[in-house]
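>>> What would the 3D arrangement of this be:
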Amino acid sequence: LEVPLPGGPCSEGGVLHLHENTVYVAGSEFEASDCHELRGAYGAEVIINRSIQLPRQLSRLVGPLRFQGTGRELKSGALNAHSQVSALHIIAPNGTEISFDNFHAGKNSGAISAANTIVVEVVGAIAFSNCRERAIYSPGNVTINVSGHASFANCSSSSDGGGIWAGGRVSLEASGHASFTNCSSVSGGAIYAFHIALDASGHASFTGCSSSSQGGALKAALSVTLVVSGHASFTNISSIYAGGAIYADSFTLQASGHASFTNCSSTGYQGGAIYTGGGGASVNVSGHTSFTNCRSLTEGGAMSTLGTIDVSGRLSFTNCTAGGNGGALWLNSHSTLKASGHVSFSNCNSRRGGAISGVVL
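Residues are numbered from 1 along each chain as shown. Sure, this is the predicted structure:
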């Protein structure tokens, strides 16, 4: 049975409740304009075939919720927060899932769009799949806290940010598991923002993501900060121009856990896994960071950067190649590699420079 989303007055506390095992067909806007929260139910599904403008009071979506698209191109996002909402909160409590599937958003939007901040809290699970023109879009900031499981699969954009686009900062804290699989765009196959901060005390994985320009997984106009006390993995990631996995003006890595870059490539320029611009890099490895089978067309089969690399743990490069300088590392002449721990290069080669080019030890 398909029914319209309920209108009329909200329940006590300003909550609009959906009913279990009911399929709803959403109109272009909710009639219940005084509700501040939409709360789902097990088995409830909302079918969206045109863009929905959320009421100005509605600032919370609470699972379980399932949003199903039709693949039809929308004028804007599937769900669009009102411009007066300072922060849209999407919450998946323990034992619940929120899902968005098969949406084709309009330009400069996503399955979820907001003019300001978007905050995603995942204790249970949230899943975005087959979202064209992004899963999440905000000209402001996007904050995602994952102690459960968050997944972005087959999300894409014809411009930047296949999974997430933000005009400010994207902050992703993964004490559980956050995964991006087969996401693609022009720049930042998974995430594009001015600043990206990724804290992986659990597991953050990027697999099969790509870009036709810069940053197969992550592209930041300014900075990327990667803090790994658990595990962060970048596997089968590619870009055409630079930064097979990560492209940023400045890059910081603090790895007390395990950061792995496997089969990352820049097929047209520098930095098979990581490329940084004038802001340089600060890399501190007290755990284990590995680069395996990474390659670039020109410089830096694994990394092309300037800055300081300080290794008190283990840093390994295996089977990394470059068509120009630095089969593993191409570093500016003012860069420094300090190793009180273990640094290894195995079967890395380039036309000039073997494993390292342009480094001060």
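
>>> And for stretch 173-182, what's in contact with it?
122, 144-155, 163, 172, 190-191, 198-209, 217, 230 (CB atoms under 8 Å, 6 or more residues apart in numbering). From N, CA and C alone the C-beta is placed, and that goes for glycine too.

>>> Give me the subset of those that lies in strands.
Using DSSP state E, the subset of these located in strands is 122, 144-146, 149-153, 172, 191, 198-200, 203-207.

>>> for this structure, what helix or strand is lowest in average pLDDT?
One helix or strand of the chain scores below all others by mean pLDDT, DSSP states H and E: strand 2-4, with a mean of 56.

>>> Quick check: what element follows that one along the chain?
Using DSSP states H and E, the next helix or strand after strand 2-4 towards the C-terminus is strand 15-17.

>>> tell me which residues in that next one are buried?
For strand 15-17, burial by neighbour count (16 or more other CB atoms under 10 Å) applies to residue 16.

>>> same check, this time on stretch 317-337
Going by neighbour count (16+ other CB under 10 Å), the buried part of stretch 317-337 is 317-332, 335, 337.

>>> Repeat that for stretch 16-28.
So stretch 16-28, judged by 16+ other CB under 10 Å, has buried residues 16, 18, 24, 26.

>>> Mind checking what secondary structure the third one has?
Going back to what we said before, that points to residue 24. Here residue 24 is recorded as strand under DSSP: H, G, I helix; E, B strand; the rest coil.

>>> Cross-check the contact I'm expecting between it and residue 43.
No. Residue 24 is not in contact with residue 43 according to CB atoms under 8 Å; the separation is 11.5 Å.

>>> can you give me the helices in the stretch 1-150 of the chain?
Taking DSSP state H, counting those that start in this stretch, the stretch 1-150 of the chain contains no helices at all.

>>> which residues of the stretch 1-150 of the chain score low on pLDDT?
1-9, 12, 27-33 (pLDDT under 70).

>>> picking up where we left off before, and the buried residues of stretch 16-28 as a markdown table, adding distance to residue 47?
Below are these laid out as a markdown table (distance: CB to CB, whole Å):
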| residue | distance to residue 47 |
| --- | --- |
| 16 | 17 |
| 18 | 13 |
| 24 | 7 |
| 26 | 7 |
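
>>> Can you report how many residues lie near residue 307?
20 (other CB atoms under 10 Å).

>>> what sits against it?
Residue 307 touches 251, 276, 280-283, 331-332, 335-336, counting by CB under 8 Å, 6+ apart.
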